[in-house]
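Engineer: Build me a model from this:
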Amino acid sequence: MAKKVELSLKVGDVAPAFELPATDGSVVRLSDLVGKHVILYFYPKDDTPGCTKEACAFRDEWPKFKKKGAVVLGASTDPVKAHVKFTDKFQLPFPLLSDEKKELVQAYGVWGEKVFMGRKYQGTHRVTFHIGPDGRIAHIWPEVKPEEHAAEVLAVI
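Structural biologist: Residues are numbered from 1 along each chain as shown. The predicted structure is shown next:
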């Protein structure tokens, strides 16, 4: 299981606004999604084992999210070009947001120190936010098991 991240955002807080390029060529703005359930999941890197399992789990549960009227957005600091390749390879039906300037990961508090095989580095923590129709954070998952996570999220919306 992933290490729990200490987040500054809490359930009930207004979700930080964002405007980022997406894989479908559009610019996704949180302000355009008011009135919908938004699942914003942060992941470290396109086409890596855990991130692929998580994205594919959301893909496989996509019809259920869509039926509930929820918007699923994946976000990482990878460029749009890498996101498009990842989306095409695994036929992801939802947009991935490119946060190359690290503004979104910092606003949501998911950028920070990580340790892999004893090496410390800065990176994106795997954290998911459910932003309610009112624009406030309804649920936060600071610990994520990639292959089970989509079902976990579906259970609360």
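
Engineer: what's the spacing between the nearest residue to Glu61 once chain neighbours are set aside and Val14?
Structural biologist: Counting by C-beta to C-beta, 6 or more residues apart in numbering, Ala150 is the residue found nearest to Glu61 once chain neighbours are left out, at 4.2 Å. Yep, even glycine has a C-beta here, placed from its N, CA and C like the rest. Between Ala150 and Val14 the distance is 25 Å, computed by C-beta to C-beta, to the nearest Å.

Engineer: who has more neighbours, those two?
Structural biologist: The residue with more neighbours, out of Ala150 and Val14, is Ala150; 26 against 11, by other C-beta atoms under 10 Å.

Engineer: now the helix or strand harbouring that one: mean pLDDT?
Structural biologist: Using DSSP states H and E, Ala150 sits in helix 149-154. Computed over helix 149-154, the mean pLDDT rounds to 93.

Engineer: if I read this right, Ile157 contacts Glu61, doesn't it?
Structural biologist: No - contact between Ile157 and Glu61 fails when scored by C-beta atoms under 8 Å: they sit 11.0 Å apart.

Engineer: before we move on, back to that, quick check: the residue nearest to Glu61 touching Ala57?
Structural biologist: Yes - under the criterion of C-beta under 8 Å, Ala150 makes contact with Ala57 at 3.9 Å.

Engineer: which SS state does Ala55 fall under?
Structural biologist: Recorded secondary structure, Ala55: helix (DSSP: H, G, I helix; E, B strand; the rest coil).

Engineer: Report the separation between it and Tyr108.
Structural biologist: The separation that Ala55 has from Tyr108, given C-beta to C-beta, amounts to 18 Å.

Engineer: ok, now Leu30?
Structural biologist: 11 Å.

Engineer: Surely Val84 touches Gly25?
Structural biologist: No - taking contacts as C-beta under 8 Å, Val84 lies outside contact range of Gly25: 9.1 Å.

Engineer: and the two? which has more neighbours close in?
Structural biologist: Neighbours were tallied for Val84 and for Gly25 using other C-beta under 10 Å; the higher tally belongs to Val84 (17 against 9).

Engineer: Just read off the phi/psi values of that one.
Structural biologist: phi -60, psi -40 (degrees, to the nearest 10).
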